[in-house]
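Peer 1: Predicted model and sequence follow; I will ask about them next.
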Amino acid sequence: MHFAQLRAEADVTVAKAEHCFTALCDHMSEHAEVTRKDGKAKIRMPYGTAWIDLREGGLKLLARAEDETSLAFVKLGLAEHLLHFAGDPKPSIRWTGDGKSGGALPYFREMRVVSSRRITPRMQRVTLTGSDLQRFGEQGGLHIRLLIPPKGVAAPKWPVMGEDGRPVWPQGDDTLTLRTYTIRRIDVAGGEMDIDIVLHEGAATPGSDWGQNAVPGDVIGIVGPGGGNMPVADWYLLAGDETAIPAIARHLSRLPEGARGEVFIEIADAAEKQELPLPSGFRLTWLLRDGAAAGATQLIDEAIRKAAFPEGEENLFVWVAAEYASASAIRKYLRTERGLGRRQHQVAAYWRRGRQEGENTPDDGDKSHD
Ligand SMILES: Cc1cc2nc3c(=O)[nH]c(=O)nc-3n(C[C@H](O)[C@H](O)[C@H](O)COP(=O)(O)OP(=O)(O)OC[C@H]3O[C@@H](n4cnc5c(N)ncnc54)[C@H](O)[C@@H]3O)c2cc1C
């Protein structure tokens, strides 16, 4: 099948152009296929392709993709990383070609709450409705960011596309709060998705509060999706705390036929257990904190250490999402003591004890479109 290609270009004047070129290529090679030669690089991402040319005093960027959303993601990825590596003064990036600035983000949808109900004592399921959700239902569509409007604002202002490919966010009284959640269920044809929100402790918890207070008719924005696919393997280990239950449930429902594995889920207590689509060949173990604070135990770490990985099994994959310190310890253990290669594991910090979302470093979370 032939797809029309969309393209956009930007000539960027930047000090330390060579440093930026190298840093960009090195970083992108962690989650994309990068080929480079003589100051030219081609970066093949899951959703499009970018070319970077090192020139006298700057870089020439070219982005190509098959649709407007994918093109926007390629432009966004290049712009964010280039601005990060360029440091101050920030270079000015101005894209020309396909994809307009000033309008709605192609990866944004305005949604409305259909229903909101407690599925366990500390988990609220919010059903949202909106149109044009196909992209959110595709294989890689696992996570979204909720754009939570200021309290009492019924008709919020939403971000628009900036000339540099990044969103321009409403400011002042219109400031939105961003929180990352997983699409627990999606019905593209019916225009609906479920988000399961953990109601947790904390002084200011906008995501948790929004979930708890959502009522039918409330308006909310979403951007995304991100998250990536689960690689094909014969044996899987999936583990996480309650924030990872929606992602684990999604993964379990689409693993290859015949796959086997272990699932470890840490929850506050037995009342938080819920039905999961566990394929035969999988064993699920609930790890109960029973009074200990979330993010303060080593329950997942200990369970993974005790787990028997299949003998001589190269084709295995370990997926973990948990609190930052727990995720860091597990990542280190899997790499150093179990000797897992990059393609055999993915460990994400879904939240960080004592910090609000957004106060984390950019690499803490499960990066979109890895
Ligand atoms: C890719 C991804 C997918 C995610 N999917 C889900 C999901 O489907 N459902 C879900 O509930 N969460 C999910 N999370 C986690 C969620 O984004 C965070 O828990 C987020 O911090 C909640 O925002 P908040 O406004 O409630 O709290 P924040 O304002 O971010 O934090 C306020 C305080 O609460 C603490 N805190 C945050 N989360 C927790 C927690 N779970 N338990 C105890 N204390 C906490 C913080 O340390 C801080 O002290 C996901 C995160 C990522 C990165």
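Peer 2: Structure's in. What do you need? Please read all numbers here as calculations on a predicted model, not as lab measurements. Numbering: from 1, shown residues only.

Peer 1: ok and the residue in the stretch 1-150 of the chain nearest the ligand?
Peer 2: Nearest residue of the stretch 1-150 of the chain to the ligand (CB to the nearest ligand atom) works out as H143 at 4.2 Å. From N, CA and C alone the C-beta is placed, and that goes for glycine too.

Peer 1: With adjacent residues omitted, what lies nearest to that residue?
Peer 2: G227 (4.3 Å; CB to CB, 6 or more residues apart in numbering).

Peer 1: I'd say that neighbour and E138 touch.
Peer 2: No. Using CB atoms under 8 Å as the test, G227 is too far from E138 to be in contact (10.5 Å).

Peer 1: Tell me which of the two has more neighbours.
Peer 2: Legend: neighbour count by other CB atoms under 10 Å for G227 and E138, higher for G227 (24 against 13).

Peer 1: Which residues does the more buried one form beta bridges with?
Peer 2: G141 (DSSP bridges).

Peer 1: Tell me how far it lies from the ligand.
Peer 2: Distance, G227 to the ligand, using CB to the nearest ligand atom, to the nearest Å: 7 Å.

Peer 1: touching the ligand at all, stretch 102-121?
Peer 2: No. Using CB under 6 Å from any ligand atom, stretch 102-121 stays clear of the ligand, coming no nearer than 11.6 Å.

Peer 1: what comes up buried for that stretch?
Peer 2: Buried positions in stretch 102-121, judged by neighbour count with 16 or more other CB atoms under 10 Å: L105, P106, Y107, F108, R109, M111, V113, V114, S116, T120.

Peer 1: Pull out the CA atoms of the host helix or strand of I330 and give them to me as PDB.
Peer 2: Using DSSP states H and E, I330 falls within helix 324-332. The C-alpha coordinates for helix 324-332 follow below in PDB (Å, rounded to 0.1, in the frame of the first residue of the first chain):
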ATOM      1  CA  TYR A 324      10.800   5.600  41.400                       C
ATOM      2  CA  ALA A 325      13.200   4.100  44.000                       C
ATOM      3  CA  SER A 326      11.700   0.700  43.600                       C
ATOM      4  CA  ALA A 327      11.900   0.900  39.800                       C
ATOM      5  CA  SER A 328      15.600   2.100  40.000                       C
ATOM      6  CA  ALA A 329      16.600  -0.800  42.300                       C
ATOM      7  CA  ILE A 330      14.800  -3.400  40.100                       C
ATOM      8  CA  ARG A 331      16.300  -2.000  36.900                       C
ATOM      9  CA  LYS A 332      19.700  -2.200  38.300                       C
END
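
Peer 1: Next secondary structure element downstream of that helix?
Peer 2: Taking DSSP H and E, what comes next after helix 324-332 is strand 345-351.

Peer 1: So for that next one, mean pLDDT?
Peer 2: Per-region confidence: strand 345-351 scores 96 on mean pLDDT.

Peer 1: which helices and strands sit right next to it?
Peer 2: strand 316-323, helix 324-332 (3 or more CB pairs under 8 Å, 6 or more residues apart in numbering; DSSP states H and E).

Peer 1: Nearest to the ligand, out of these?
Peer 2: Evaluated over the helices and strands packed on strand 345-351, closeness to the ligand peaks at strand 316-323, with 6.8 Å, by CB to the nearest ligand atom.

Peer 1: Packing partners of the closest one?
Peer 2: By 3+ CB pairs under 8 Å, 6+ apart, strand 316-323 packs against strand 235-240, helix 245-252, helix 299-306, helix 324-332, strand 345-351.

Peer 1: quick one: G190 from P277, how far?
Peer 2: For G190, the distance to P277 equals 19 Å [CB to CB, to the nearest Å].
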